[in-house]
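Asker: Mind looking at a prediction? Sequence and model below.
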Amino acid sequence: MMYPNWNIGGSIEPLLLAGKRVLLWSVGQPELTLRIARQLLVNNADQIDKPRRFRRKAVRAKEQTVYEVDPAVQRKWGQLDPTALERTLEATFSKHWLKNASIYSGSQMDTSRQRDDARHSALNVVLASQQYQRIHGEFPSSMELLVPKFLNSVPIDPIDAAGAPLRYRRETDGTAVVWSIGMDGVDDGGDVEVKDLIDKDVGYRIRLKPRPETATPGIRPE
């Protein structure tokens, strides 16, 4: 079907051949994309829910992320090994003009998930610090003072591959900042004011709030 037939097509055979290729591509490409997406899902499913420090090594981290598999665990039926999956991605999508539209970007999704996990962990410290401030009139000098009354334990930074805890600092003006090192893996000293899509550090600056005055029972405050 793909070879030219000059006896039938004559001078328009190049156009017919191009049409054949488009037809075959439109039939085969969706199936190939679906199969590769399934392979990525099988490869990533048992890793993306883990903090970065517990994940296996990533052998590819561009538009897609492919993790090494545990050699002690038998691969699922039909599952490609990481090298074969990486080679398939390169051969199929590296120069494909529809690569961003035809298959999801696993790396971008995972980056958003890790950043959200870091914000959630930092927010727990913010809420605990505010509770501490209502009682003591100031934010704690360290997160250890929040344990065990306000936090069960000092939160671990979900993004830090070394498994270090979230960073915390009380400033001289009484405010405090809690942060994760961010997706670049570099501690920028609590620079959480950046509003770009790629944050330097991920976290919050905690502002002081006046302690509420105790109202006299039975008297409605004005």
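Answerer: Sure, I can see it.
Asker: Quick check: residue 108 vs residue 71, distance?
Answerer: 29 Å (Cβ to Cβ, to the nearest Å). Using the backbone N, CA and C atoms, a C-beta is placed for each residue, glycine as well.
Asker: higher neighbour count, those two?
Answerer: Ranked by neighbour count (other Cβ atoms under 10 Å), residue 108 and residue 71 place residue 108 first, with 12 against 7.
Asker: what's the spacing between the helix or strand the more buried one falls within and its chain's center?
Answerer: Following DSSP states H and E, one finds residue 108 within helix 106-136. Relative to its chain's centre, helix 106-136 lies at 14 Å (Cα atoms, centre = their mean, to the nearest Å).
Asker: Quick check: next helix or strand after it?
Answerer: By DSSP H and E, the next helix or strand past helix 106-136 is strand 167-170.
Asker: Report the mean per-residue pLDDT for that following strand.
Answerer: Over the span of strand 167-170, the pLDDT mean works out to 95.
Asker: residues contacting the residue positioned nearest the centre of the chain?
Answerer: In the chain, the residue lying closest to the centroid (Cα atoms, centre = their mean) is residue 111, at 2.2 Å. By Cβ atoms under 8 Å, 6 or more residues apart in numbering, residue 111 lies in contact with residue 183.
Asker: gap between it and residue 159?
Answerer: Counting by Cβ to Cβ - residue 111 and residue 159 are separated by 10 Å.
Asker: where does the nearest residue to residue 55 once chain neighbours are set aside land in three-state SS?
Answerer: Closest residue to residue 55 apart from its sequence neighbours, by Cβ to Cβ, 6 or more residues apart in numbering: residue 47 at 5.0 Å. When classified by DSSP: H, G, I helix; E, B strand; the rest coil, residue 47 comes out as coil.
Asker: Residue 47: how many residues sit nearby?
Answerer: 18.
Asker: Next one: it relative to residue 157, how far apart?
Answerer: Distance from residue 47 to residue 157, by Cβ to Cβ: 18 Å.
Asker: and if you look at residue 58?
Answerer: Distance from residue 58 to residue 157, by Cβ to Cβ: 18 Å.
Asker: you'd agree residue 190 is up against residue 166?
Answerer: No - counting by Cβ atoms under 8 Å, residue 190 does not reach residue 166; the two are 10.5 Å apart.
Asker: what residues are shared contacts of those two?
Answerer: 178-179, 203.
Asker: when you check those against the strands, which ones overlap?
Answerer: 178-179, 203 (DSSP state E).
Asker: Which helix or strand in this protein has the lowest average pLDDT?
Answerer: One helix or strand of the chain scores below all others by mean pLDDT, DSSP states H and E: helix 99-102, with a mean of 51.
Asker: How about the contacts made by residue 110?
Answerer: Taking Cβ under 8 Å, 6+ apart as the test, what residue 110 contacts is 44, 48, 65.
Asker: circling back: can you tell me how far the residue nearest to the centre of the chain sits from residue 48?
Answerer: Counting by Cβ to Cβ, the gap from residue 111 to residue 48 is 11 Å.
Asker: Need the residues touching each of residue 111 and residue 159.
Answerer: Common neighbours of residue 111 and residue 159 (Cβ under 8 Å, 6+ apart) are residue 183.
Asker: Residue 131 reaches residue 150, doesn't it?
Answerer: Yes - if you go by Cβ under 8 Å, residue 131 and residue 150 touch, sitting 5.3 Å apart.
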